[in-house]
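Novice: Give me a 3D structure for the following:
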Amino acid sequence: MKIDGGCHCGNITYSAEIDPDNVGICHCTDCQTLSGTAFRTSVRATKEAFHLNGGQPKIYVKTAESGAKRAQAFCPECGTPIYSAAVSDPQVFNIRVGTARQRAELRPKTQGWCRSARDWVNDLQSVKQFAKQRTS
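Specialist: Next up, the predicted model:
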C-alpha cells in the first residue's frame, strides 16, 4: 500500500510503500514519553520503500532497555515525530501512523511491551466521549 504524509507544519513530507499488516502499537515507557501519550502506533517500511520528499528531520538518539540505540526523527520546526530507525545504516523505518494521510486505513494488528501498558487503555468505551472539542 502506498502512503504519504508529513509533519503538522508541512516542513517534512514523505512517501512510502508499506504492508498494512505491519501496523503495531508499542506500549513501552520510552514510546509513552516520546509521544506524550499512552502508546505509539507505527508501521514499518524498508529503506528502499521510504522516501523523504521535503525537509530534513532532526534526530534524537535514544538508548533502549536492551542497549540498542534508535534514531528518533522529528520535525525541527513543529516537533512532530516522523519515524524511528537504527542509528547506523537503517534498513527499516518505523513511520508514525498519525503522520500518514491514510491513517484511517492503518489499523493496528499487534501490540508490544504490554507489560508497560496503562491499565485503562483497553477500556476506553467507558470513558465519556464528545464529538469535538468541548467549550467548557
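Novice: neighbouring contacts of the lowest-mean-pLDDT helix or strand in the chain?
Specialist: Lowest mean confidence among the helices and strands of the chain (mean pLDDT, DSSP states H and E): helix 29-35, at a mean of 93. By Cβ atoms under 8 Å, 6 or more residues apart in numbering, the residues outside helix 29-35 that reach it are A38, F39, R40, K62, A64, E65, Q72, P81, R96, W113, S116, R118. For glycine as for every other residue, the C-beta is placed from the backbone atoms N, C-alpha and C.
Novice: mind running it again at 7 Å?
Specialist: When contacts are defined by Cβ atoms under 7 Å, 6 or more residues apart in numbering, helix 29-35 is touched by residues A38, F39, R40, K62, A64, Q72, P81, S116.
Novice: From those residues, which land in strands?
Specialist: Using DSSP state E, R40, K62, Q72, P81 are the members of those that sit in strands.
Novice: Report the contact partners of the second one.
Specialist: Counting by Cβ under 7 Å, 6+ apart, K62 makes contact with D30, R70, Q72.
Novice: try the third one
Specialist: When the contact criterion is Cβ under 7 Å, 6+ apart, the partners of Q72 are L34, I59, Y60, K62, P81, S84.
Novice: Which parts of this structure are strands?
Specialist: Under DSSP E, the chain gives strands at 2-6, 13-17, 23-26, 40-46, 50-54, 58-63, 69-74, 81-86, 92-96, 110-112.
Novice: Of the ones you listed, flag the one that's most buried.
Specialist: Of all the strands of the chain, strand 92-96 carries the top mean neighbour count, a mean of 23, counting by mean count of other Cβ atoms under 10 Å.
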